[in-house]
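**Q** Here is the input, now give the coordinates:
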Amino acid sequence: MRRAPTVVIVSQSSIADDPRVRRQGDALKTAGWNVIGVGLDGARGTAPDWRVLTPGDITALCEKPTMPTIGYRTTGWRFTLIDMMSKYGNAFGVTDYDQRLLSARIDPERAETVYWTLNSVLWELLALGQTCKADLWLGNDWTSLPIVARLARTQGVRYAYDTHELAADEFGESRRWRILERPLRIAIERKFVPGAAVVSTVSHSIAKRLRSLYRLDTLPLVVRSTPKFQPIVYRPPSSRIRVLYHGSVWQNRGLEASIRSVADWRADFDLTIRGPVSDSYRATLENEIDAAGVRGRVEIAPPVPMMDLVHEAAAFDIGLFALPGHSRHNRYALPNKFFEYIMAGLALCISDLPEMSRLLRQYDLGRCISTVEPHAIAAAINSLDRNSIALYKRNALVAAQELNWERESQRMVAQYSTVLASTGEGWAEAARCPDSCGVEDRNSNAPVAGKEC
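**A** Residues are numbered from 1 along each chain as shown. This is a model prediction of the structure:
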């Protein structure tokens with residue numbers, strides 16, 4: 001009898017709080033795979049019912065993780081330029097970190113070397129991965145791509161790549177980011193994306209951009225970030241219309257403009273902004289509330305666990321996301337919150353960006369915001385009355401019957417299963433290390449195979 005295949009999912013995130021990564025593992029486990037996660041500490045949510053290793057497990061390893069080496073050396077004029085920068089860059093205010101990033105711009109072949117200098121947590125994730133034996137490695141986002149590629153090559157198996165963002169354009173509105181960060185990301189993806197057995201992402205526009213950037217033979221698989229189906233009961237609009245933004249609370253998400261717009265909303269509409277936020281940015285938003293004169297109508301609420309997002313959102317009436325369209329990354333976005341609002345049975349009020357607006361119109365879910373300016377946000381909100389909100393809320397619950405993870409994940413699982421089938425005898429029982437280093441899985445107390453001590 002064949003054993004179940006093993007997938008190791010690597011993500012530079014707290015996996016219990018990462019909706020897409022957690023759903024990947026859940027779907028594969030439901031399909032009969034053994035699932036192991038390798039991610040960061042600090043999760044707030046309840047751990048999944050599959051193993052997750054984090055840097056907190058490093059103390060049990062036999063050897064302290066060290067920076068991997070790459071057998072490549074820059075030569076010629078590129079070496080001369082990088083050498084001069086290292087000697088004189090500090091005198092001109094160029095930090096050591098920025099010098100490393102610039103060296104990848106000068107010589108893209110240095111990108112993998114530079115990658116391993118970015119953060120020692122990357123070494124720790126690699127070391128934790130080395131304690132696992134996989135039939136398939138799955139890297140989430142470009143920050144995990146060199147890790148899974150190296151581990152797959154060492155073990156003689158395949159790796160897959162799932163990107164939640166358009167990494168090459170994520171902060172394209174920033175000139176500094178385009179100069180320093182973008183060349184590194186593109187070089188990393190250009191080196192490793194073509195070797196992935198499966199490349200997947202969250203929207204068709206990002207898939208087409210990836211194929212164009214890296215000259216891929218086939219269009220990457222599109223697996224939208226839909227939540228698991230939850231049977232939400234229709235709730236008529238409240239006596240006061242409650243508008244919700246939930247998700248990461250940081251700059252460049254239109255939150256300042258949204259707060260300013262509330263002054264022009266009809267008097268029976270209120271806004272709640274809910275999600276993890278730094279103290280400094282929270283202070284910025286609180287100042288915006290006071291400056292706009294909307295204290296009492298705008299609340300900045302604490303985050304809720306990822307597993308409770310939809311249930312908690314169902315108490316609201318409208319899901320708001322006024323995302324600026326100032327970069328290709330934003331224009332191609334199709335985020336978790338868009339589908340979570342739908343699953344919660346909310347009317348939608350979102351930026352008129354191609355991926356989101358196409359689905360909004362297809363399922364008749366709400367209104368689009370023409371521009372991310374306070375007057376345009378207010379106009380979109382004020383165009384909604386109780387009858388239209390009730391209609392869109394009902395339509396959202398119908399759309400949720402199709403836009404859910406149970407349906408969406410079937411393509412992902414099928415594609416990964418096809419990859420394993422194409423490798424022939426790839427599921428043979430893995431040889432066990434005779435002397436495990438004894439890294440314990442803190443979720444199940446099961447030992448994890450490690451290096452010989």
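**Q** Stretch 378-385: which residues count as buried?
**A** 378, 379, 380, 381, 384 (16 or more other C-beta atoms under 10 Å). C-beta coordinates here come from the backbone N, C-alpha and C atoms, glycine included.
**Q** I'd like the distance between the last one and residue 21.
**A** Here residue 384 is placed at a distance of 34 Å from residue 21 (C-beta to C-beta, to the nearest Å).
**Q** Equivalent analysis for residue 369, please.
**A** From residue 369 to residue 21 the distance is 30 Å (C-beta to C-beta).
**Q** do the same with residue 133
**A** Residue 133 is 20 Å from residue 21, by C-beta to C-beta.
**Q** In terms of neighbours, single out the busier of those two.
**A** Counted by other C-beta atoms under 10 Å, residue 133 and residue 21 do not tie: residue 21 has more neighbours, with 26 against 18.
**Q** and the helix or strand harbouring the more buried one, how far from the chain's centre?
**A** Using DSSP states H and E, residue 21 falls within helix 19-30. How far helix 19-30 lies from its chain's middle: 13 Å, per C-alpha atoms, centre = their mean, to the nearest Å.
**Q** Show me which residues of that helix are buried.
**A** By neighbour count on 16+ other C-beta under 10 Å, the buried set for helix 19-30 is 19, 20, 21, 22, 23, 24, 25, 26, 27, 28, 29.
**Q** cool, and stretch 51-70?
**A** 51, 52, 53, 54, 55, 57, 58, 60, 61, 65, 68, 70.
**Q** Farthest-apart pair in those, please.
**A** Farthest apart among the buried residues of stretch 51-70 by C-beta to C-beta are 51 and 70. That separation is 29.6 Å.
**Q** which residues in the stretch 51-200 of the chain form strands?
**A** 51-53, 136-140, 158-163, 198-201 (DSSP state E, counting those that start in this stretch).
**Q** hmm, back to that, please produce JSON lines containing the buried residues of stretch 378-385, extended by secondary structure and distance to residue 392.
**A** Listed next are the buried residues of stretch 378-385 as JSON lines, based on DSSP: H, G, I helix; E, B strand; the rest coil; distance: C-beta to C-beta, whole Å:
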{"residue": "378", "secondary structure": "helix", "distance to residue 392": "18"}
{"residue": "379", "secondary structure": "helix", "distance to residue 392": "17"}
{"residue": "380", "secondary structure": "helix", "distance to residue 392": "12"}
{"residue": "381", "secondary structure": "helix", "distance to residue 392": "13"}
{"residue": "384", "secondary structure": "coil", "distance to residue 392": "8"}
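**Q** Out of the residues you listed, the closest to residue 259 would be?
**A** Taking those together and measuring to residue 259 by C-beta to C-beta, the closest member is residue 378, at 11.3 Å.
**Q** Next, the contact list for the closest residue to residue 263 other than its chain neighbours, please.
**A** The shortest distance from residue 263 to any non-neighbouring residue, by C-beta to C-beta, 6 or more residues apart in numbering, is to residue 292 (5.1 Å). Residues near residue 292 by C-beta atoms under 8 Å, 6 or more residues apart in numbering: 259, 260, 262, 263, 298.
**Q** Residue 164 too?
**A** 20, 140, 141, 201, 202, 225.
**Q** got it, and residue 68?
**A** Contacts of residue 68 by C-beta under 8 Å, 6+ apart are 116, 123, 126, 150.
**Q** Show the contacting residues for the second one.
**A** Right, residue 123. 65, 66, 67, 68, 116.
**Q** before we move on, what about the last one?
**A** Contacts for residue 150 were tallied using C-beta under 8 Å, 6+ apart; they are 68, 126.
**Q** switch to 7 Å and redo it
**A** Neighbour list for residue 150: residue 126 [criterion: C-beta atoms under 7 Å, 6 or more residues apart in numbering].
**Q** Okay, it and residue 28: tell me how far apart.
**A** For residue 150, the distance to residue 28 - C-beta to C-beta - is 22 Å.
**Q** between the buried residues of stretch 378-385, which is closest to residue 284?
**A** For the buried residues of stretch 378-385, the nearest to residue 284 is residue 378 (20.6 Å; C-beta to C-beta).
**Q** With adjacent residues omitted, what lies nearest to that closest one?
**A** The shortest distance from residue 378 to any non-neighbouring residue, by C-beta to C-beta, 6+ apart, is to residue 264 (3.8 Å).
**Q** Roughly how far does that neighbour sit from residue 294?
**A** Noted for residue 264: a distance of 10 Å to residue 294, by C-beta to C-beta.
**Q** One more: residue 277?
**A** On the measure of C-beta to C-beta, residue 277 and residue 294 end up 18 Å apart.
**Q** returning to what we had before: lowest-confidence one in the buried residues of helix 19-30?
**A** Here the lowest pLDDT out of those sits on residue 19, with 92.
**Q** residues contacting the residue nearest to residue 378?
**A** By C-beta under 7 Å, 6+ apart, the contact set of residue 264 is 374, 375, 378.
**Q** all helices for the stretch 1-150 of the chain, in order.
**A** 19-30, 76-88, 96-106, 111-117, 120-129, 145-155 (DSSP state H, counting those that start in this stretch).
**Q** Same list as before, those helices that is, but in TSV and with distance to residue 345 included.
**A** What follows is the helices of the stretch 1-150 of the chain, written out as TSV (distance: least, C-beta to C-beta, whole Å):
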stretch	distance to residue 345
helix 19-30	18
helix 76-88	55
helix 96-106	45
helix 111-117	43
helix 120-129	38
helix 145-155	37
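**Q** Out of those, the one nearest residue 314 is which?
**A** Closest to residue 314 of the helices of the stretch 1-150 of the chain is helix 19-30 (C-beta to C-beta; 16.5 Å).
**Q** which residues touch that closest one?
**A** Outside helix 19-30, the residues within contact range by C-beta under 7 Å, 6+ apart are 7, 9, 11, 13, 15-16, 35, 37, 48, 50, 138, 140, 164, 225, 228, 306, 336, 405, 409, 412-413.
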